[in-house]
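Novice: Let's see this in three dimensions:
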Amino acid sequence: MSKKIYLLIIVLFASNTVFAHRTIKGQIKNKESKETMVGVAIYIPELQKGTFSDEQGNYRIDNLPKGVFTFQYSYLGYKTISQEVNIEQEEITLNIELETTYIHSAEVVVSAIGYSSQHCNAIKVESIKAEDLNNGATINIMDKLVKIPGVNMITQGPSISTPNIRGLSLSNVLVLNNGFRMNNYQFSTEHPYLISNYGISKIEVIKGPASLLYGSDAIGGVINYIGERPASVGMMEADINTAYYSNTRGYETNIGVKAHGKQYFWGVRAGMQKHGDYMQGNNEAVPNTRFNDQNVQFNTGINNDFGSFTLRYNYKAARLGLTTPQAIALVDDKGYLNEMWYQDLDYHQLSSHNKFYFKKLKFETNFSYQTNRRTLFATSQHLLDMRLQNADYELKVNFEPSSSQKIVIGTQGNYTQNINNGAPEIVIPNYYQNDFSLFGLYQKDFGHKVHFQGGLRYDYRKMYVPEIINTTIATATNLDTNYKSINFTIGAVFELSEEWFIRTNFASAYRTPNIAELTQDGFHETRYERGNIHLQSQKSYEGDIGLHYHSQMFTFDFSAFYNDIRNYIYIAPSADTTQQGLEIYQYGQTDATIYGLETGINYMPTKQLDLNLNYSYVIGKQKNGDWLPMIPQNRIQGGIRISLKGLDVLKNNFVEINGNYAFKQDHITDHEEASDAYFLLNLGIGTSLKFGNQHFILSIHADNILDTQYMDHLSILREEGFYNMGRNISIKLSIPISGKYGIK
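Specialist: Below you'll find the model as predicted:
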């Protein structure tokens, strides 16, 4: 079978000269004044190909394949146009008129059915774009997601954050790197996802069940980090970035270079960061929260008449201090080096995304290989050494029988193995896991008013543990089991008018018990944990309904959800103790429900003034009426951003004020403590300086400007009596550079 696939690929490459070259061109004007517009961005997300309009408002993109693709036309202060174009002829002329707007309109997102406008997608996908990722003094890119209502972070200082979406976290949430799941020992809160702060075009978030798209573990939601776009056709682009953070006395640097010829493109990026122990609101350091990391990224690819092919490589190495009782007693300096009680991590990912186009058919073959090594050191002693390896594949066929219908069928698979490398401690045993799935998705547009989506998926997972570490949890010395599940999604978007629409969706999801929940029997972090080999798969059924309104100056969003979870897996103290008298934490199961809502408004009375406010609320209960653990505080977030007129040297000036109020959380389990309410105030200013033809982008942000002492309910360090981070001021400088490349 594999030989036939390779032969097909070779034939397709060899036949490249047979295909006709297709071109789209046109002129872009202001809808009101009819004047031509220079610098409008034209981008085809599926092909990762784009350009800008010239001084006469003209644009041209060559070497396009036959098929239907979404073109996105965007310019600051104007309504973004997302338009599907059927590329059949060798040359197509498409003139566009952009309409002035203050509010950013819906962009193209990676949805269940492919690339589509957010307003046509029954599964809501929220996103944060690259230009918004630098706002704020946040050190960890994962923490930037808390701007999205319903998304919170479980933290152990600035270096370790794991997402909590609508009250679910750890193995209930999937994190993707360019569409592939990151298997990252996510059974524990001390295991961070190794994502670089740079080289990201945007982050997309699905809140709620998404097993239809990604299989097991997507009960709470999905976070997808999407790599940066290639350079515009015919351009070479570079950027130099540096930042300083006052709280940790930390600094980071990052440099990227990329170029795009007629068909081929490439890019490379490298960076590092170094931080000391962070300071609490009482101006005291939290011992051993220092960390250091380095990262390298590379991508290359080709876009031509019959397909697009991209190869990406990501590498990150990190040394992260752990604030254990032993480290608290030993670490009393203010240095940067990790010398005791720290994780030494390295992560490699090699991925390939390949698309072939045949008239109404789009055929995708995507592959990924990841290796993740985790070692743990206590002073000079090597305590733990594990390596997790994953190979993933995805084959999809996208068929459009008519302009109003889309069908996707495909298969996904994964092979995972964990190997312990001889260190004295073994947290989880060696194990092997195979996943296989089949899925189908269907979309039907009923005119321009109703967009229907539905799908079905079958999953099979086989797990094998050759030797269980401690047989007190099982009658056998090994584990050889499998899990099966069928999941669905059905939903629709109803466009009531140009401004109003309703989104509804009902979906199921599942996750199998992870290896720690099944087999662990020993100390982990600061407590003794025992697995349960009899755990069953979790099953979730969630209904969502949302209401959206948008106009030139105002948007309003409201969404409510109800998640019914069967066999919810949790860990809690049991009646048993160790020989030393320590409580044994035992994994168990119960039925549970999680429900809540998110709402937000955005008002821009002028182009210079942007006001936003959002509120998130979530409740989690067990079947017997007890509360669920690790449910975040309800919160209100809001901000004001003022854009100021530029001068000869200073351009794109802004001032922003943001506030975050977290309500008291006293809906807690027996082994949790209540969390008090708190308020944080953040400030920021920024500008773009121009000297000659060179731009310099400078910003200064101050988070927790009042230096508030607070303990967030999802902070793990509150168990040791430490507050969250106090005042943190960042100074960031970015230098973009661009020039012509490869096309005469």
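Novice: Would you mind giving the domain segments of the protein?
Specialist: 2-100, 125-740 (automatic domain parsing).
Novice: So which of those domains is the most surrounded?
Specialist: Highest mean neighbour count of the domains of the chain: domain 125-740, a mean of 18 (counted as mean count of other Cβ atoms under 10 Å). Bear in mind the C-beta positions are built from the backbone N, C-alpha and C, glycine included.
Novice: Dump the domains of the chain to CSV, plus mean pLDDT.
Specialist: Output for the domains of the chain, formatted as CSV (pLDDT from 0 to 100):
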stretch, mean pLDDT
domain 2-100, 74
domain 125-740, 89
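Novice: Quickly note the distance from the residue nearest to S551 when sequence neighbours are not counted to R290.
Specialist: Of all residues not flanking S551 in the chain, E499 sits nearest, at 5.6 Å (Cβ to Cβ, 6 or more residues apart in numbering). For E499, the distance to R290 equals 51 Å [Cβ to Cβ, to the nearest Å].
Novice: K732 contacts T242, doesn't it?
Specialist: Yes - between K732 and T242 there is a contact under Cβ atoms under 8 Å: 7.4 Å.
Novice: give me every residue that touches the residue nearest to F554 when sequence neighbours are not counted.
Specialist: Ranked by Cβ to Cβ, 6+ apart and with sequence neighbours excluded, the top spatial neighbour of F554 is Y603, at 5.2 Å. Applying Cβ atoms under 8 Å, 6 or more residues apart in numbering to Y603 gives the contacts 553-554, 610-612.
Novice: what pairs with the nearest residue in space to P65 that is not next to it in sequence across the strands?
Specialist: Distances taken as Cβ to Cβ, 6+ apart place Y357 nearest to P65, at 3.9 Å, with adjacent residues excluded. Per DSSP bridges, the residues bridged to Y357 are K362.
Novice: How about the contacts made by Y357?
Specialist: 65-67, 306-307, 363.
Novice: Tell me how far it lies from K66.
Specialist: 6 Å.
Novice: and what of F696?
Specialist: 43 Å.
Novice: what about T138, distance to I44?
Specialist: Distance, T138 to I44, using Cβ to Cβ: 31 Å.
Novice: same deal with G215?
Specialist: 28 Å.
Novice: Okay, strands next: where are they in the stretch 401-550 of the chain?
Specialist: For the stretch 401-550 of the chain, the strands defined by DSSP state E, counting those that start in this stretch cover 405-420, 431-446, 450-465, 479-495, 500-511, 521-524, 527-530, 538-550.
Novice: closest one to Q186 among these?
Specialist: Q186 lies closest, by Cβ to Cβ, to one member of these: strand 500-511, at 11.0 Å.
Novice: can you give me how far the closest one is from the chain middle?
Specialist: Offset of strand 500-511 from its chain centre (Cα atoms, centre = their mean, to the nearest Å): 19 Å.
Novice: With only the CA atoms kept, save it in CSV.
Specialist: The C-alpha trace of strand 500-511 is given here as CSV (Å, rounded to 0.1, in the frame of the first residue of the first chain):
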residue,chain,number,x,y,z
TRP,A,500,-27.9,38.9,13.8
PHE,A,501,-27.3,35.2,13.8
ILE,A,502,-27.8,32.2,16.1
ARG,A,503,-25.3,29.3,16.4
THR,A,504,-26.4,25.9,17.8
ASN,A,505,-24.5,22.7,18.2
PHE,A,506,-24.9,19.3,20.0
ALA,A,507,-21.9,17.0,20.2
SER,A,508,-20.5,14.0,22.0
ALA,A,509,-16.9,13.4,23.0
TYR,A,510,-14.8,10.9,24.9
ARG,A,511,-11.5,10.2,26.5
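Novice: For that strand, name the packing helices and strands.
Specialist: Packed against strand 500-511 by the contact rule (3 or more Cβ pairs under 8 Å, 6 or more residues apart in numbering; DSSP states H and E) you find helix 211-214, strand 479-495, strand 538-550.
Novice: Dump the ones you listed into CSV; add distance to S404 as well.
Specialist: Putting those into CSV (distance: least, Cβ to Cβ, whole Å) gives the following:
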stretch, distance to S404
helix 211-214, 22
strand 479-495, 14
strand 538-550, 22
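Novice: so what's the residue nearest to G57 when sequence neighbours are not counted up against?
Specialist: Distances taken as Cβ to Cβ, 6+ apart put T36 closest to G57, at 2.9 Å, once the chain neighbours are dropped. For T36, the contact set (Cβ under 8 Å, 6+ apart) comprises 27-30, 53, 56-58.
Novice: all helices for the chain, in order.
Specialist: Secondary structure of the chain (DSSP state H): helices at 2-14, 130-133, 211-214, 325-330, 515-519.
Novice: Format the CA atom coordinates belonging to the third one as CSV.
Specialist: The C-alpha trace of helix 211-214 is given here as CSV (Å, rounded to 0.1, in the frame of the first residue of the first chain):
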residue,chain,number,x,y,z
SER,A,211,-13.7,14.4,19.5
LEU,A,212,-15.2,14.3,16.1
LEU,A,213,-12.3,16.3,14.8
TYR,A,214,-9.4,15.0,17.0
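Novice: for that helix, packing partners?
Specialist: Applying 3+ Cβ pairs under 8 Å, 6+ apart, one finds that helix 211-214 contacts strand 431-446, strand 450-465, strand 479-495, strand 500-511.
Novice: Which neighbours in the sheet does the longest one have, and how are they oriented?
Specialist: Paired with strand 479-495 in the same sheet, following DSSP bridges, are strand 450-465 (antiparallel), strand 500-511 (antiparallel).
Novice: could I get these as JSON lines with distance to Y595?
Specialist: Shown next, in JSON lines, are the strands paired with strand 479-495 (distance: least, Cβ to Cβ, whole Å):
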{"stretch": "strand 450-465", "distance to Y595": "23"}
{"stretch": "strand 500-511", "distance to Y595": "14"}
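Novice: among the ones you listed, which is nearest L194?
Specialist: strand 500-511 (21.9 Å).
Novice: quick revisit: any idea how far the residue nearest to S551 is from Y595?
Specialist: 28 Å.
Novice: One more: G167?
Specialist: 9 Å.
Novice: shared neighbours, these two?
Specialist: 618-619.
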